[in-house]
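sharing a model that was predicted from the sequence below.
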Amino acid sequence: MREASGPWLHALQWVVFHLGVIISVPVIVGNALGLDARGIAGLGQLCFFLTGAASLIQLKGGHGVLLVEGPAAPWWAAYVLLAGVAAGTGRSLPQLRTDIEGAMMVTGILLALLGAARIISRWRSFFTPRVTGVLLTILGLQLGGVGVRGMVGEGAGLFAIGLAVLMVVVYLTLKGRGMLKQGAVVLGVAFGWLLSLAAGAAPPPSLEGAGLLSLPSPFPWGWPTFNAGTLVALGLLGVLLVPNVVGSMAAWEAATGEALPAGRYDRALAVSGGANFLSGLMGGVGTIPFAISAGLVSVTGNTEKRPFILACVLFIAMGLFPPLGRIIGGIPLPVAAAVLLVSGSSLVVIGLKDLLKEEGGLRGTFIIGLSLLSGVGVMLLPASYWVGVPSWASGALSNAVIVGTLACLLLEHVILRDKGERNRTT
């Protein structure tokens, strides 16, 4: 019985560990794009469905490791910023939604072609430990910010419960044995959910009006349209997210000690391109491999594929069966957000270890310091700042991970380029 329940417990842990990233996406994006309650619910189901399907495809034909492919913060942040710009310029949100469909389909094809052209294998030397370290450190800090905002945004009661969840997960991870340690995330979230229900701090999940089966359909927002500004903004963002793919896989290598062939990176990019094409086709949010998956592996040490596959099946089921999706999605946001602090802390540590792999000196100090400060500085800018920035630029430049990574690439290979670098990387 213990052997039969083990994989399912680990599968639930995979699902719960990533819920903090996924469950807030449809609410944030749906409201920004002017969707009604039914549209937001459909977007939530699609996020779950694409996460499960794309992750399975990545495992079988992409990077081949246990990295969940899900709705990425840079993508949904770009959607929200585009909506803000549209509101400021008088552009209709229904028109923006169909523009996003068309732009994501084009971007998906572009990324798939870049993967097929082995762009990462050819440019692999550009992604030094400093570059991936900066990317992972800023991503961890950004996730930590999302986690803190998620914990404090629902009142003092749920904040206290979210804090209790964090303490339980940390305690079980450090002091637990066997299944208690391996299931720390699931047990912590279950504890917080039950506590919030008992305290009346969150309502039980409602199944009213939920059908038994709901299949994804193409173009839920209307026939796709193609706007030049939206195409440039999302296409550029897609290209600039290539380091995110590299960083996520580098995080896996750092967490497990497994060196991955260069071809796996290109296949991962090609599969991400296909997933982004589907997100445009079905009116969803773009995806990338989640670096926080490596954070979970580094915490639990579990690298078995069977629980991961079961978790992908659960994600697909949550996307196809509204009742199951509503039950899992009924976990209070502060409870799920507390888990982001666990994954964020793991990513920051992995990133800092990467940063310390190469020799320092003043050159290294300026590259690392200026890159991190650039990314963190962008995080501190108010959302209103980007309203006056052209839409083709705001989607990329408003993202801390992209700005910090670009700054590191420029400093490392152009502005502060080491004269002996070419000889070492050829």
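Perfect, I can see it now. Numbers count the residues shown, from 1 in each chain.

contacts only, for the residue most central in space within the chain.
Compute the mean C-alpha point of the chain, and by Cα atoms, centre = their mean the closest residue is Ala72, 3.6 Å away. By Cβ atoms under 8 Å, 6 or more residues apart in numbering, the contact set of Ala72 is 241, 244, 285-288, 290. Heads up, the C-betas are built off the backbone N, CA and C, glycines and all.

list phi and psi for it.
Here is the backbone geometry of Ala72 (degrees, to the nearest 10): phi -90, psi 140.

re the thing from before, quick check, nearest of the contacts of Ala72 to Ala255?
Distance to Ala255, by Cβ to Cβ, is smallest for Phe290 among these, at 12.4 Å.

neighbours of the residue lying closest to the closest one once chain neighbours are set aside, just the number please.
With sequence-adjacent residues excluded and distances taken as Cβ to Cβ, 6 or more residues apart in numbering, Phe290 is closest to Val68, at 4.7 Å. By other Cβ atoms under 10 Å, the residues close to Val68 number 29.

per-residue pLDDT, Val68?
Confidence at Val68, expressed as pLDDT, is 94.

secondary structure element for Gly70?
strand 69-71 (DSSP states H and E).

now do the helix or strand containing Glu253, average pLDDT.
Element membership of Glu253 [criterion: DSSP H and E] is helix 242-256. Mean pLDDT, helix 242-256: 86.

how long is stretch 201-217 end to end?
Separation of the first and last residues of stretch 201-217 by Cα to Cα, to the nearest Å is 35 Å.

how about stretch 63-77?
For stretch 63-77, the end-to-end distance is 25 Å (Cα to Cα).

and that stretch, how far out from the chain middle?
Taking Cα atoms, centre = their mean, to the nearest Å, one finds the center of stretch 63-77 at 5 Å from the center of the full chain.

now do stretch 277-290
12 Å.

and that stretch, end to end?
18 Å.

mean confidence score for that stretch?
94.

pretty sure Pro220 sits in a strand.
No: counting by DSSP: H, G, I helix; E, B strand; the rest coil, Pro220 is not found in a strand; it is coil.

tell me the SS of the residue nearest to it when sequence neighbours are not counted?
Excluding the flanking residues, the one nearest Pro220 by Cβ to Cβ, 6+ apart is Gly283, at 4.2 Å. At Gly283 the chain is in coil, as set by three-state DSSP.

low-confidence regions, the stretch 101-250 of the chain specifically.
For the stretch 101-250 of the chain, residues meeting the criterion pLDDT under 70 lie at 178-179, 182, 207, 209-210.

how about the helices in it?
With helices called from DSSP state H, counting those that start in this stretch, the stretch 101-250 of the chain shows them at 119-123, 129-152, 156-175, 179-182, 184-198, 228-240, 242-256.

how about TSV for those helices, with mean neighbour count and distance to Ile327 added?
Formatted as TSV, the helices of the stretch 101-250 of the chain follow (neighbours: other Cβ atoms under 10 Å; distance: least, Cβ to Cβ, whole Å):
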stretch	mean neighbour count	distance to Ile327
helix 119-123	16	39
helix 129-152	24	20
helix 156-175	18	18
helix 179-182	17	23
helix 184-198	21	10
helix 228-240	21	33
helix 242-256	24	29
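
ok, which of those helices comes nearest Gly364?
Once the helices of the stretch 101-250 of the chain are compared by Cβ to Cβ, helix 129-152 is nearest, at 7.1 Å.

and the closest one, how far out from the chain's middle?
11 Å.

you'd agree Gln58 is up against Val271?
Yes: the criterion here is Cβ atoms under 8 Å, and Gln58 meets it with Val271 at 5.1 Å.

who touches both of the two?
Taking Cβ under 8 Å, 6+ apart as the contact rule, the neighbours common to Gln58 and Val271 are Glu69.

if we can go back for a sec, and the two most separated of the contacts of Ala72?
Asn244 and Val285 (14.4 Å).

wait, which of the helices of the stretch 101-250 of the chain is closest to Pro218?
That would be helix 228-240 among those, by Cβ to Cβ, at 18.6 Å.

please name every helix or strand in contact with that closest one.
Under the contact criterion of 3 or more Cβ pairs under 8 Å, 6 or more residues apart in numbering; DSSP states H and E, helix 228-240 touches helix 73-89, helix 93-116, helix 391-397, helix 400-410.

rewinding a little: tell me which of the helices of the stretch 101-250 of the chain sits nearest to Arg306.
helix 179-182 (13.5 Å).

dump stretch 263-273 to PDB, restricted to CA.
Provided in PDB are the C-alpha atoms of stretch 263-273 (Å, rounded to 0.1, in the frame of the first residue of the first chain):
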ATOM      1  CA  GLY A 263      20.900  19.200 -28.200                       C
ATOM      2  CA  ARG A 264      18.500  18.900 -25.300                       C
ATOM      3  CA  TYR A 265      18.500  22.700 -24.900                       C
ATOM      4  CA  ASP A 266      17.500  23.100 -28.600                       C
ATOM      5  CA  ARG A 267      14.700  20.500 -28.300                       C
ATOM      6  CA  ALA A 268      13.400  22.200 -25.200                       C
ATOM      7  CA  LEU A 269      13.200  25.500 -27.100                       C
ATOM      8  CA  ALA A 270      11.400  23.900 -30.000                       C
ATOM      9  CA  VAL A 271       8.800  22.200 -27.800                       C
ATOM     10  CA  SER A 272       8.300  25.500 -25.900                       C
ATOM     11  CA  GLY A 273       7.700  27.100 -29.300                       C
END
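
for that stretch, buried residues please.
264-273 (16 or more other Cβ atoms under 10 Å).

which members of these are positioned in strands?
Of the buried residues of stretch 263-273, none are assigned to strands by DSSP state E.

wouldn't Gly153 be in contact with Leu333 here?
Yes: between Gly153 and Leu333 there is a contact under Cβ under 8 Å: 7.1 Å.

between these two, which one's more packed in?
Leu333 (21 against 13).
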